[in-house]
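I'll drop the sequence and a predicted model, then ask my questions.
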Number of protein chains: 4
Amino acid sequence: MSTNITKIGVFTSGGDSPGMNAAIRAVVRTCAYHNKQCVAIHRGYQGMIEGDFEEMNARSVKAIINRGGTILRSARSLEFKTPEGRAKAYNNLKENEIDALVAIGGDGTFTGAMIFSEEYDIPIIGIPGTIDNDIKGTTYTLGYDTALNTVVDAIDKIRDTASSHDRLFFIEVMGRDVGHIALNTGIGAGAEEILIPEENLGLDRLLESLEKSRRSGKTSSIVIVAEGDNIGKNVFELKDYVNEHLPFYDVRVSVLGHMQRGGSPTCFDRVLASRMGVKAVESILDGKSGFMVGLLQDKMCLTPLEQAVKGHTEIDRELLRVSDIMSV
Amino acid sequence: MSTNITKIGVFTSGGDSPGMNAAIRAVVRTCAYHNKQCVAIHRGYQGMIEGDFEEMNARSVKAIINRGGTILRSARSLEFKTPEGRAKAYNNLKENEIDALVAIGGDGTFTGAMIFSEEYDIPIIGIPGTIDNDIKGTTYTLGYDTALNTVVDAIDKIRDTASSHDRLFFIEVMGRDVGHIALNTGIGAGAEEILIPEENLGLDRLLESLEKSRRSGKTSSIVIVAEGDNIGKNVFELKDYVNEHLPFYDVRVSVLGHMQRGGSPTCFDRVLASRMGVKAVESILDGKSGFMVGLLQDKMCLTPLEQAVKGHTEIDRELLRVSDIMSV
Amino acid sequence: MSTNITKIGVFTSGGDSPGMNAAIRAVVRTCAYHNKQCVAIHRGYQGMIEGDFEEMNARSVKAIINRGGTILRSARSLEFKTPEGRAKAYNNLKENEIDALVAIGGDGTFTGAMIFSEEYDIPIIGIPGTIDNDIKGTTYTLGYDTALNTVVDAIDKIRDTASSHDRLFFIEVMGRDVGHIALNTGIGAGAEEILIPEENLGLDRLLESLEKSRRSGKTSSIVIVAEGDNIGKNVFELKDYVNEHLPFYDVRVSVLGHMQRGGSPTCFDRVLASRMGVKAVESILDGKSGFMVGLLQDKMCLTPLEQAVKGHTEIDRELLRVSDIMSV
Amino acid sequence: MSTNITKIGVFTSGGDSPGMNAAIRAVVRTCAYHNKQCVAIHRGYQGMIEGDFEEMNARSVKAIINRGGTILRSARSLEFKTPEGRAKAYNNLKENEIDALVAIGGDGTFTGAMIFSEEYDIPIIGIPGTIDNDIKGTTYTLGYDTALNTVVDAIDKIRDTASSHDRLFFIEVMGRDVGHIALNTGIGAGAEEILIPEENLGLDRLLESLEKSRRSGKTSSIVIVAEGDNIGKNVFELKDYVNEHLPFYDVRVSVLGHMQRGGSPTCFDRVLASRMGVKAVESILDGKSGFMVGLLQDKMCLTPLEQAVKGHTEIDRELLRVSDIMSV
């Protein structure tokens, strides 16, 4: 392994997701294992500009593997979008003798990383941390599996009340550009319909489906709606629309919101974070730069950052069919 | 014990709450224990009018103690508000030889029960099932303790993301007329401020408190808002107001919504439901009618229904003070 | 309030319980609220002897209200049982100008506190932190409510497998001297029998009950056994005994063990901890010493430590009857 | 698709696992979707011999997707191991016009299925339901992901108390022949050492590792031990051994036991169960027999039953290395 790397910086940036702390821990401990120093950079790119650094050792990251959020915090940095801001950041890194970076975040984070590593000669490896699972080069992003379970738990609770009152619920879940959360939690929670950005079911088909569902003897129904659904109506508008056309339904709305981003990570996310942290640090020590670590076909892989940020992982069309069959 | 009672009907009405199934189970099994028959009435007063009855035995209620919602379902009944509707209901009860009723629900349910038992000679005992804890004559209503934990779990998750991004969150919780949920979950989740119907903190004081909180070094804050808060603004309006006056805060909103009503009941709610079910049936067998069972000073008690529906249990003023001290 | 107190020490001792961190936070913040200093003493009495102290302020205790265990840790101290050890402890307190103590723990902790405060003139107030609920002067000890839910969740899972295979399970829960956990979780989880230290059901009655249960159509059964049950056999011996006498049962055993002590505290425990912390500090400032704070009839109260450690809160006999009726 | 299949039977057999109910639901609904009849066979092979059958329709399986265990129950059948038993079973199937079978279970279940389908001309497709993840032909068995989370939750709780008291815990988790659960939960819960059947770490290395851990400043430690560990000692013997050789450790033991098999399935297991149920029924309709459905590289696949029961999925050696690095 490369011996000219002696100190690695690690930071989180963009929206937080469960498993980020486990990834920070893994980066810090892999550095310790290889006798490299590790520096935590607080508040992402902004902290890099402000020199908000902290020396880490293996014990600094104890008791965080099970905690949601990120102990390094995250922040938007308009300043990093300017050449002056990036120059300041680079100077701070050099002053602190940081030789390489591990960036934990989503596509905004990786875009910043690419620009930075093109301008300055500093190796960067990315770890995909976002609940939306919207990054190419990994079947699972960090936090996605936890978010699926948080959403399913919430819908299970709503179903209790839906069933008790013969109600129809429109439940909005996260996913502005991709329907992974909606599609998987819809199947997992036994939803009657799932509205996602990738598919335009159409309002007529929705009404038809709800009518059929009622005729088939179902007395309550759950419709999962991704934030970025393609039907052109949000959950409140959908409620009004259905109220008007299917007056026999008692329609309610629930927007799950920010709780989807938090919580103690699942075992899967903790293991994934640990694997990604090891792979990220060892890739740097191996002389790599400009890649994102990811899980493809159950194995750790590297994907160039420029590919990772281009477009999204596609949803599995098989799941759309499974959903259709399950709501027979 | 009274021997002229041979068959007892049980139903749930109004909003569902966790623990209702445990209470149904307790009613059914206490009947079996005393060699009385028990009939389940589906969909509350509406099912009574339609004769939607089912004979129950001890085994009918197995594996429901841990399930949210109500297996008997609930429904609004406009018809029961008419003398004709109530006459139909009474005739169905007589035809099925039902001698007495256990009504599980909130104040609407009990108001119906009082009118019915005044018109017709049928003993009724109420069990308070509602998450809002807004009924006199019991320190805890069924489902309240479960709802507190559901809310605190959700806020814990939101705090992960609030802390990671230095954000201010307004979180709306249930409680149209009383602030029990807001006050207890606010303390339990470590909220900086709690807005409840019983207290008018005032917008100036809120701003002042948030400014002080920021100055004291807190980088993120949670404000819990009861649905029926007295400040005259909902969570979205509060967000706009604070955005305008304290622009340094990144303000977000979350409405927890219907998930607060569901979920597997806590141990406390299951035990409470079991005690209430026993007390309700044995009170009927003891010749009582027109009472609600309740928990007062850790003991099962009876309170006349007419008192139970008058006003709400008051919040504990001590808790307001505790909340103030905790957000120092 | 008393003005000659300027610095209060707080420590945890004995077995840990969920809510201890919330109580530490409450003590620290109540001190801050009253402009008093607060010092954390690590590892209980042993840390007092070794001078393992840390100055605390309101921010020192952020983000701990939801965490199990105790950030101050706990330790056995044989040295504190000697006059020399206690002298060292007192000298350390004086050197650090600590005027009073809040002791969070169980009866061992309180016994030490009584001896110490008799020998040396230092005010001490106790907060009852133990999952067993075995202390007089409070209806609920800190952590008890959380433990009930942890146990019920575990039994719910075991019941899944019990029901799927028509099995009889003996499940051992904590409670060496008192049956509170066994009795409440037994009712909450729908157990067929509950064996506690306070009652000697007898082996014949147990066999009879299990036979009756099988005849009544139940295909699986759960028997909850408190560690300190009075029947003279542990869960493994009970299994062998039943295997021999009721061979038609497929008997299994589960010892829930140490997981019962951990976990994020329930809302109830967090609120209780907050109330107790406020009451403890304000009692000291009010000139009190030698008392334990407690919850009696929903209100904060003080009980002399010497009464608190004498015997246990008795189980509610009504619950034994409820359990009997529920397993009809 | 094949039109000579008109009625499909479904059953669960062997140890239960979370997700079995979701799989039953998926089988029933896929039948309904393709206008085929579906019959539930209760209590596995024994119910097949006794003719314990039940007609199912799409509504029969509502509200079970989130429930642990199996509504069809499971049972051992010695009789099915005899030719006479299998003949009875076959006759019952024919009498009820059941044309094909979906068998949900582990390797014992599949071995029975292979023998049966060789003797009698009845198509059988298997769905792998077991928490141990010990079946070839699928990266994940049904229930495995749920079990991982149940175990990690329990260890998180134990760690609270371990950290509070500076203790060393040996925790036994399921896995008689394979270490998947131990290895993944060990990494997920941040264990210092993981003992699995596939690796013989050796007692010397264990002591050395624990000594190093203590020297490195760790005050508490968790060692995960698979039931079938290769070190030749169970958790109680390990405790005694370490007590003898490393007396400075306060060693405790916890056997997680049967709770690992139960609980509401995770989103992953519910989706996997749904996909497997669809694939199983459609494979039958496609004329296939003697295969097990599985997830390989994120896609549904078929593996001959005879291969599925031969040996186990191997553990990922990369994870052993990750575990080593994480406990630096």
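Thanks, I have the structure now. Residues are numbered from 1 along each chain as shown, chains lettered A, B, ... in the order given.

Point out where the stretch 1-150 of chain A drops to low pLDDT.
Low-confidence segments of the stretch 1-150 of chain A, defined by pLDDT under 70: A:1-3.

Tell me if I'm right that A:F11 and A:A103 touch.
Yes - between A:F11 and A:A103 a contact is recorded at 6.3 Å, counting by Cβ atoms under 8 Å. (Each C-beta comes from the backbone N, C-alpha and C, glycine too.)

Pull up the residues of chain A that are close to chain B.
Contact residues, chain A versus chain B (Cβ under 8 Å from any Cβ of the partner chain): A:12, A:15-16, A:18, A:20, A:67-70, A:73-75, A:150, A:154, A:156-161, A:163-166, A:169, A:252-263.

can you do 6 Å?
Neighbours of chain B within chain A, by Cβ under 6 Å from any Cβ of the partner chain: A:16, A:68-70, A:73-74, A:154, A:157-158, A:160-161, A:163-165, A:254, A:257-259, A:261-263.

Return the subset of these lying in strands.
Within the residues of chain A next to chain B, residues falling in strands by DSSP state E are A:S254.

domain assignment for chain A?
For chain A, automatic domain parsing gives the domain ranges A:7-143+A:265-308, A:145-261.

For C:L296, which of the ones you listed is the nearest?
Relative to C:L296, the nearest member of those by Cβ to Cβ is domain A:145-261, separated by 33.7 Å.

ends of the closest one, how far apart?
Terminal residues of domain A:145-261 lie 11 Å apart, using Cα to Cα, to the nearest Å.

And chain C, is it touching that?
No - Domain A:145-261 lies apart from chain C when judged by Cβ under 6 Å from any Cβ; the minimum separation is 13.1 Å.

how distant is that domain from the center of its chain?
Offset of domain A:145-261 from its chain centre (Cα atoms, centre = their mean, to the nearest Å): 21 Å.

Just the mean pLDDT for stretch A:298-306, thanks.
Over the span of stretch A:298-306, the pLDDT mean works out to 96.

Then stretch A:157-171?
For stretch A:157-171, mean pLDDT is 93.

Run through the residues of chain A sitting next to chain D.
By Cβ under 6 Å from any Cβ, the part of chain A that sits against chain D consists of A:29-30, A:32-33, A:58-59, A:65-66, A:139, A:148-149, A:152, A:156, A:184, A:187-188, A:190, A:217, A:266-267, A:270-271, A:274-275, A:278, A:297-298, A:322, A:325-326, A:328.

Would you write out the PyMOL command that picks the buried residues out of those?
Entered in PyMOL, the line below selects the buried ones among the residues of chain A next to chain D, by 16 or more other Cβ atoms under 10 Å in any protein chain shown:
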select buried, chain A and resi 29+30+32+33+58+65+66+139+148+149+152+156+184+187+188+190+266+267+270+271+274+275+278+322+325+326+328
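
hang on, the earlier thing: weed out the non-buried ones from the residues of chain A next to chain B.
Among the residues of chain A next to chain B, those classed as buried by 16+ other Cβ under 10 Å are A:16, A:68-70, A:73-74, A:154, A:157-158, A:160-161, A:163-165, A:254, A:257-259, A:261-263.

From these, which land in helices?
In helices, judged by DSSP state H, the following of these are found: A:154, A:157-158, A:160-161, A:163-165.

Export the residues you listed to JSON lines and append columns for distance to B:I231.
As requested, these are exported to JSON lines (distance: Cβ to Cβ, whole Å):
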{"residue": "A:A154", "distance to B:I231": "27"}
{"residue": "A:K157", "distance to B:I231": "28"}
{"residue": "A:I158", "distance to B:I231": "28"}
{"residue": "A:D160", "distance to B:I231": "31"}
{"residue": "A:T161", "distance to B:I231": "28"}
{"residue": "A:S163", "distance to B:I231": "35"}
{"residue": "A:S164", "distance to B:I231": "32"}
{"residue": "A:H165", "distance to B:I231": "30"}
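
Before I go, just wanted to say thanks for your time.
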